[in-house]
Structure formats: structure tokens, C-alpha cells
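> Any chance you can model this:
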Amino acid sequence: MPYPEYFIAPMRGEMSEMGAKELRTAAAVDDVVKNSKGVVMMVVNSVCGCAAGKARPGIALALRHPNKPDVLATVFAGADIEATDRARQYFSGYAPSSPSIARNCQNCQNFFALALRARGAAPAQLVARALRAGVEDLDR
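Numbers count the residues shown, from 1 in each chain. Down below sits the predicted model:
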């Protein structure tokens with residue numbers, strides 16, 4: 001059973017305020033992955049403390065940098081069940097984890113998980129540094 005919307009709305013809002021496109025269906029995930037140009041950063045958002053204390057703050061810090069993804073998209077684990085399952089299908093080679101962040105580039109077949117898979121991950125500043133490096137390393 002999914003989390004009630006009133007429970008997760010503030011956490012969704014944090015990502016939306018950063019400019020993230022909310023993907024609530026598998027079709028929406030497919031559309032972003034298949035039709036976006038440039039770098040896509042996909043965030044599996046979560047209610048856990050790692051998402052609140054590390055992932056979302058790290059993403060916000062990374063997005064202040066001039067090199068940022070062309071598209072920031074998010075699904076919510078425990079709420080957008082179908083969309084989260086579809087997003088994770090693109091993260092080949094990585095076990096499901098929430099929160100998690102992955103990115104790809106145009107013409108790349110798969111997403112590559114970034115340093116945050118995030119239980120026990122580094123503080124937000126180190127997460128941001130890893131995210132920036134991940135975007136800078138991609139050919140646009």
C-alpha cells in the first residue's frame with residue numbers, strides 16, 4: 001500500500017522546488033528517459049532520514065553548480081510504485097535502494113548509479129561533490 005499523499009507531500013515539494021519533474025507512472029519515466037536530450041538525473045526519493053539529511057540536501061547543493069543535468073526527474077519510493085519500479089529497471093547492475101540517484105546521457109542505454117545509494121552515505125556536501133563530478137564526466 002502506498003504512503004498517503006499528505007504524508008509525503010513535503011518531501012515531494014523539496015524536489016519540485018529544485019525543479020525536478022515528478023514522474024508518477026511508468027509511461028512518464030519511459031518518456032523522460034527515451035525523449036530527453038542531454039544528461040538526465042533520476043532521483044528515487046524516499047521518506048527515510050538519508051533522503052532528508054543527505055540526498056535532497058546534496059542534490060540541492062549540486063544544482064548550484066554551473067554543470068548540472070539537463071533534466072532532473074524524480075520518482076517516490078513507497079508512493080509511485082509503478083514509476084519507481086520502471087526507473088529502477090534502467091539502473092542496470094544495481095540493487096534497488098532508496099534513496100538513490102542515477103544519471104545518464106543522450107544515447108547511453110543505461111543509467112549509471114552515482115556515489116549515493118544512500119544508506120550510510122557521506123554528508124550532503126560529499127554527495128553534492130559526487131553528483132557534480134558525475135555530471136561533469138559525461139559527454140554532452
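> Give me the buried positions along stretch 93-106.
97-105 (16 or more other C-beta atoms under 10 Å). Where C-beta positions appear, they are placed from N, C-alpha and C, glycine not excepted.
> Ok, stretch 23-37 next?
Going by 16+ other C-beta under 10 Å, stretch 23-37 has these buried residues: 23-24, 26, 28-30, 32-33, 36.
> Can you tell me the centre-most residue of this structure?
By C-alpha atoms, centre = their mean, the mean C-alpha position of the chain lies nearest to residue 43, the distance being 1.1 Å.
> for this protein, what helix or strand is lowest in average pLDDT?
Within the chain, judged by mean pLDDT, DSSP states H and E, the helix or strand with the poorest mean is strand 112-113; its value is a mean of 58.
> What is the nearest of the buried residues of stretch 23-37 to residue 74?
residue 23 (6.7 Å; C-beta to C-beta).
> So which residues of the protein form helices?
Shown for the chain, the helices assigned by DSSP state H span residues 5-17, 26-35, 49-50, 56-62, 81-90, 124-136.
> Columns distance to residue 68 on top of these, output as a markdown table?
Converted to a markdown table, the helices of the chain look like this (distance: least, C-beta to C-beta, whole Å):
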| stretch | distance to residue 68 |
| --- | --- |
| helix 5-17 | 14 |
| helix 26-35 | 16 |
| helix 49-50 | 22 |
| helix 56-62 | 7 |
| helix 81-90 | 19 |
| helix 124-136 | 6 |
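> Which stretch among these approaches residue 70 most closely?
helix 124-136 (9.3 Å).
> pLDDT weak spots in this protein?
105-122, 132-140 (pLDDT under 70).
> So which residue of it lies furthest out from the middle?
residue 1 (22.1 Å).
> mind checking how far it is from residue 95?
23 Å (C-beta to C-beta, to the nearest Å).
> what do you get for residue 58?
According to C-beta to C-beta, residue 58 and residue 95 sit 20 Å apart.
> I figured residue 43 hits residue 18, correct?
No. Contact criterion C-beta atoms under 8 Å: residue 43 and residue 18 do not qualify, at 9.2 Å.
> Need the overlap of contacts for the two.
59, 72 (C-beta atoms under 8 Å, 6 or more residues apart in numbering).
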